[in-house]
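# build me a model:
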Amino acid sequence: MATNEYQVTGMTCGHCEMSIREEVGEIAGVEDIQVSAQTGTLVVTGSDAVNDAHVLAAVEEAGYRAVRAA
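Sure thing, here's the model as predicted:
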């Protein structure tokens with residue numbers, strides 16, 4: 001299991017969280033998605049390492065911006 005954390009900008013509500021969850025959920029290997037508009041965080045857990053580029057592209061597809069948290 002591998003877990004990556006991201007900071008997401010532009011989220012304001014539960015609908016924002018749902019949009020991101022749907023897009024990121026389409027990435028192969030993703031097993032769990034925790035997203036919070038309140039804290040601006042996205043935590044993605046996968047069976048193997050999840051490709052950052054795929055996650056960032058999925059967040060952008062949902063209409064938001066993300067960066068890998070340090």
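# so how far is the first residue of stretch 41-50 from its last?
One end of stretch 41-50 to the other measures 16 Å (Cα to Cα, to the nearest Å).
# outside of it, which residues touch it?
Applying Cβ atoms under 8 Å, 6 or more residues apart in numbering, the set of residues contacting stretch 41-50 from outside is 1-8, 20, 24, 27, 29-36, 55, 59, 66, 69. C-betas here are computed from N, CA, C, even on glycine.
# show me these that map onto strands.
2-8, 30-36, 66 (DSSP state E).
# what's the farthest-apart pair in those residues?
Taking Cβ to Cβ as the measure, these span a maximum distance of 21.2 Å, between 7 and 31.
# now do the phi/psi pair for residue 40.
When read as degrees, to the nearest 10, the backbone of residue 40 gives phi 70, psi 30.
# wait, doesn't it sit right on residue 8?
Yes - with contact defined as Cβ atoms under 8 Å, residue 40 counts as touching residue 8 (5.4 Å).
# higher neighbour count, these two?
Between residue 40 and residue 8, residue 8 has the larger neighbour count (other Cβ atoms under 10 Å), namely 23 against 17.
# excluding chain neighbours, what is closest to the more buried one?
residue 66 (4.5 Å; Cβ to Cβ, 6 or more residues apart in numbering).
# check the secondary structure at the residue most central in space within the chain for me.
The centroid of the chain falls nearest to residue 42 when counting by Cα atoms, centre = their mean (4.5 Å). For residue 42, the assignment made with DSSP: H, G, I helix; E, B strand; the rest coil gives strand.
# list the beta-bridge partners for the nearest residue to it once chain neighbours are set aside.
Of all residues not flanking residue 42 in the chain, residue 6 sits nearest, at 4.4 Å (Cβ to Cβ, 6+ apart). Counting by DSSP bridges, residue 6 is bridged to residue 42, residue 68.
# am I right that residue 45 is in a strand?
Yes - checked against three-state DSSP, residue 45 lies within a strand.
# how close does it get to residue 22?
Taking Cβ to Cβ, to the nearest Å as the measure, residue 45 falls 17 Å from residue 22.
# ok, now residue 49?
Relative to residue 22, and taking Cβ to Cβ, residue 49 is found at 22 Å.
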